[in-house]
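Novice: All I have is the shape, not the residue letters:
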């Protein structure tokens, strides 16, 4: 974690801008990002919903990206359109009210992003200051190469307003379904109590119940995972293979953070079963690597990658099973 | 005393993960076609990392410089070893298995764990073999995004003569060099 001009940044290699931007909001509010971002853990796939955005997440509450990512906290969010008559006004108002706007941008227009003037890709930034006199907006981006500082307002607005553009260089995070001209208004609770064994145990029970529950149109839990793996293992098209890279990022990032949280707390509280469960959850995250990368490289020739992909999907399901068995032991130990 | 034994990987090199700043377009380390900056690497030279001597691969335009793991069966100089040491990097964090084949017909599966190559830290307790100051993109050099190669070990627990090893069927894992460290039994016998 580093502090740059008053705004805090946080990053882990498995996360995307979705987690890193919310982490900045959490840090500004005095919360530990891993404790909050790592508390919920689920499998959730919405067939037909995956959009080519780095920050894609299958939302259990439509339109509420942050609240869907953090269902165990009283967090809510909604997308708001940028007002063309006063594009900076709402950001200034949100900042005055103590909220940091999260803006959707196209990396192609941002001088500090590697994709600048090269690749169109949907990304998130945090706005932490608006200087109407200077005509600048201060933004924070914790994703490497990290940046925090002022941008000319017209540059940021051009990036925000860019409509979705298909870019063959980035089939995972660019496309016409990515809408521009919007920002995410996130509301955090006034207080988030620190985790103790009792509160963590309740969270583990909620996560376990979700994994055991039956799946419907939305593919959730163990049954949803089974359906997802069956589909990917038998009928993967180039589109589904590309989608796996995008969709899998969210699943991988959440598993990595949940695992890190449990392993860290297990060590802090001297609860070996909890630490072991955390490591098992991290193994799920690492199994997602094989699925995502095999699918991404194999999308040009689905038949050629079908065998290894099936093997990796099988390993992924086993990793989830082992992790949940370990979580059951850890939860029992916490009671 | 028996010395460390480098594993010959030349026949298995299948990926161009290293480029020069003036010619980054041929890089294919990851799905984004990023590559490691050759200017910052000991190309074609022996390197000592943590007391283990590795033969770092050469690199050049259109020339593969690492093994992207697709289940290759690698023959090794027969011997009793304690560790298979790797210079490796992941396209994101990798945990998978290597199959160790022994002269007596036994086979052991051992876990290989390698951290991400892209702006990451070692999450599996590896030593950092290489950390560059920049990342190569297909059309530019990006300062401030580091690239990493990790020194990781795979244990050889069986006290038997190792003959071959099967790399994982996992294209996220890239091996740049490998060296076998002889077992203490063999060292003492020598």
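Specialist: Cool, got the structure. Computed from a predicted model, the values in this text were never measured in an experiment. Numbers count the residues shown, from 1 in each chain, chains lettered A, B, ... in the order given.
Novice: Flag every buried residue along the least confident helix or strand in chain B by mean pLDDT.
Specialist: Using mean pLDDT, DSSP states H and E, helix B:184-189 stands out as the lowest-scoring helix or strand of chain B, at a mean of 75. Across helix B:184-189, burial judged by 16 or more other C-beta atoms under 10 Å in any protein chain shown covers residue B:186. Every residue, glycine included, has its C-beta placed from N, CA and C.
Novice: So what's the residue count around the residue of the stretch 1-150 of chain A found nearest chain B?
Specialist: Across the stretch 1-150 of chain A, the shortest distance to chain B (C-beta to the nearest C-beta) belongs to residue A:145, at 3.2 Å. Residue A:145 sits with 16 neighbouring residues when counted by other C-beta atoms under 10 Å in any protein chain shown.
Novice: sec struct for it, please.
Specialist: coil (DSSP: H, G, I helix; E, B strand; the rest coil).
Novice: go on, residue A:150?
Specialist: Strictly by three-state DSSP, residue A:150 counts as strand.
Novice: need the contact list for the residue of chain B at minimum distance from chain A.
Specialist: Nearest residue of chain B to chain A, counting by C-beta to the nearest C-beta: residue B:144, 3.2 Å away. Taking C-beta atoms under 8 Å, 6 or more residues apart in numbering or on different chains, we find residue B:144 in contact with A:144, A:145, A:146, B:134.
Novice: could I get the residues you listed as a markdown table with pLDDT and distance to residue B:36?
Specialist: Compiled in a markdown table, these are given as follows (pLDDT from 0 to 100; distance: C-beta to C-beta, whole Å):
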| residue | pLDDT | distance to residue B:36 |
| --- | --- | --- |
| A:144 | 97 | 15 |
| A:145 | 97 | 16 |
| A:146 | 96 | 20 |
| B:134 | 98 | 9 |
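Novice: ok, so of the residues you listed, who is nearest residue A:305?
Specialist: Closest approach to residue A:305 among those (C-beta to C-beta): residue A:144, at 28.1 Å.
Novice: From chain B, how far off is residue A:172?
Specialist: Counting by C-beta to the nearest C-beta, to the nearest Å, the gap between residue A:172 and chain B amounts to 8 Å.
Novice: what helix or strand is that residue on?
Specialist: Counting by DSSP states H and E, there is no helix or strand that carries residue A:172.
Novice: Name all residues that make contact with it.
Specialist: A:52, A:242, A:245, A:246, A:296, B:31.
Novice: Mind picking the lowest-pLDDT entry from these?
Specialist: In terms of pLDDT, residue A:52 ranks lowest among the contacts of residue A:172, with 90.
Novice: Now for the nearest residue to residue A:251 once chain neighbours are set aside, how many residues are close by?
Specialist: Using C-beta to C-beta, 6 or more residues apart in numbering or on different chains and skipping the chain neighbours, the partner closest in space to residue A:251 is residue A:288 (5.8 Å). By other C-beta under 10 Å, the residues close to residue A:288 number 27.
Novice: Over to residue A:288. Which of the three states is it?
Specialist: helix.
Novice: Pretty sure residue A:252 is one of the things it touches, is it not?
Specialist: Yes: if you go by C-beta atoms under 8 Å, residue A:288 and residue A:252 touch, sitting 3.7 Å apart.
Novice: Spit out the residues that contact those two alike.
Specialist: Going by C-beta under 8 Å, 6+ apart, no residue sits against residue A:288 while also sitting against residue A:252.
Novice: list the contacts for residue 152?
Specialist: Since you didn't name a chain, this refers to chain A. By C-beta under 8 Å, 6+ apart, the neighbours of residue A:152 are A:135, A:136.
Novice: Sorry, I should have been clearer: chain B.
Specialist: B:85, B:86, B:88, B:112, B:113, B:114, B:124, B:126.
Novice: Alongside chain A, which residues does chain B contribute?
Specialist: B:30-32, B:70, B:90-96, B:113, B:115-116, B:118-121, B:123, B:135, B:137-140, B:142-146, B:169-172 (C-beta under 8 Å from any C-beta of the partner chain).
Novice: What subset of those residues is buried?
Specialist: Looks like these have B:30-32, B:90-96, B:113, B:115-116, B:118-120, B:123, B:135, B:137-138, B:140, B:142, B:145-146, B:169-172 buried, using 16+ other C-beta under 10 Å.
Novice: Just the residues you listed: which are in helices?
Specialist: Taking DSSP state H, every one of those sits outside helices.
Novice: can you confirm residue A:194 is in a helix?
Specialist: No: if the criterion is three-state DSSP, then residue A:194 is coil and not within a helix.
Novice: Does it touch residue A:35 like I think?
Specialist: Yes: using C-beta under 8 Å, residue A:194 is in contact with residue A:35, at 7.4 Å.
Novice: Looking at these two, which is more packed in?
Specialist: More crowded of residue A:194 and residue A:35, by other C-beta under 10 Å: residue A:35, with 18 against 9.
Novice: Using just helix, strand and coil, how would you label that one?
Specialist: Applying three-state DSSP: residue A:35 is helix.
Novice: what do you get for residue B:129?
Specialist: Per three-state DSSP, the local secondary structure of residue B:129 is strand.
Novice: ok, and what's touching stretch B:111-118?
Specialist: A:13-14, A:144, A:286, B:29-30, B:34, B:36, B:86, B:88-98, B:121-124, B:126, B:135, B:145, B:147-150, B:152, B:154, B:168, B:173-174.
Novice: Reduced to three states, what does residue 53 come out as?
Specialist: Picking chain A for this. Relying on three-state DSSP, one would call residue A:53 coil.
Novice: which non-adjacent residue is nearest it?
Specialist: Distances taken as C-beta to C-beta, 6+ apart place residue A:122 nearest to residue A:53, at 4.0 Å, with adjacent residues excluded.
Novice: likewise residue A:257?
Specialist: residue A:38 is the one closest to residue A:257 (C-beta to C-beta, 6+ apart), at 3.6 Å.
Novice: so where's chain B uncertain?
Specialist: Counting by pLDDT under 70, the ranges of chain B that qualify are B:1-2, B:190.
Novice: Swap in 50 and give it another go.
Specialist: B:1 (pLDDT under 50).
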